[in-house]
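**Student:** fold the following for me, if possible:
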Amino acid sequence: MFKFAIIVCLFAIAACSKISPLKSSAYEVTGSSTERIANVLAIVTKHQAPPTALLDAHFLEEQIGDDVFGPSDFQAFFLIRVAPQDISRWMQIFKPLGVKAEYYAPVQPRDWWVTRDAFTSLQFYKPDILTGAVHGWIGVSQQTGSIYIFTFTM
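**Tutor:** Modelled structure (predicted):
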């Protein structure tokens, strides 16, 4: 009888619980190139002074979850564009990733984010020097002067 009562209680709790679909939201740095650069620099200069000037920058942070049934997870996507001749100065401050990087993209695609095909030609480094985050990667394209950064929480 006791087992039956526990089972009934569990079903009642489950039936009364409000189960909502997984929620996600996003914050994106917008504005002119100058405004985007200033906002992205405010994030990365907390951890490292940039070795050269930026030509352009983008940032998107996605939140997945609603903090009701556990914490939310976050994914951040950055693009820092520098002159191709300056990319080696940036690469000097980075440390090799040491593991195979996996491709991630924003839920809603952005035209500035690296494509899956272009991803395979990037050189990968640890993200902590620019973001303070330990999960993710920095991917560098020496040809285009593009520095892609992906970080996430667990």
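**Student:** where does the prediction get shaky in the protein?
**Tutor:** Judged against pLDDT under 70, the low-scoring parts of the chain cover residues 1-24, 66-71.
**Student:** okay, strands next: where are they in it?
**Tutor:** In order along the chain, the chain carries the following strands (DSSP state E): 24-28, 56-64, 73-81, 123-125, 136-141, 146-152.
**Student:** can I get those strands in CSV including distance to Asn39 and mean neighbour count?
**Tutor:** C-beta: built from backbone N, CA, C; applies to glycine. As requested, the strands of the chain are exported to CSV (distance: least, C-beta to C-beta, whole Å; neighbours: other C-beta atoms under 10 Å):
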stretch, distance to Asn39, mean neighbour count
strand 24-28, 10, 13
strand 56-64, 7, 19
strand 73-81, 11, 20
strand 123-125, 22, 19
strand 136-141, 18, 23
strand 146-152, 14, 22
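**Student:** would you turn the ones you listed into JSON lines with distance to Asp117?
**Tutor:** Listed next are those as JSON lines, based on distance: least, C-beta to C-beta, whole Å:
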{"stretch": "strand 24-28", "distance to Asp117": "24"}
{"stretch": "strand 56-64", "distance to Asp117": "19"}
{"stretch": "strand 73-81", "distance to Asp117": "16"}
{"stretch": "strand 123-125", "distance to Asp117": "16"}
{"stretch": "strand 136-141", "distance to Asp117": "12"}
{"stretch": "strand 146-152", "distance to Asp117": "13"}
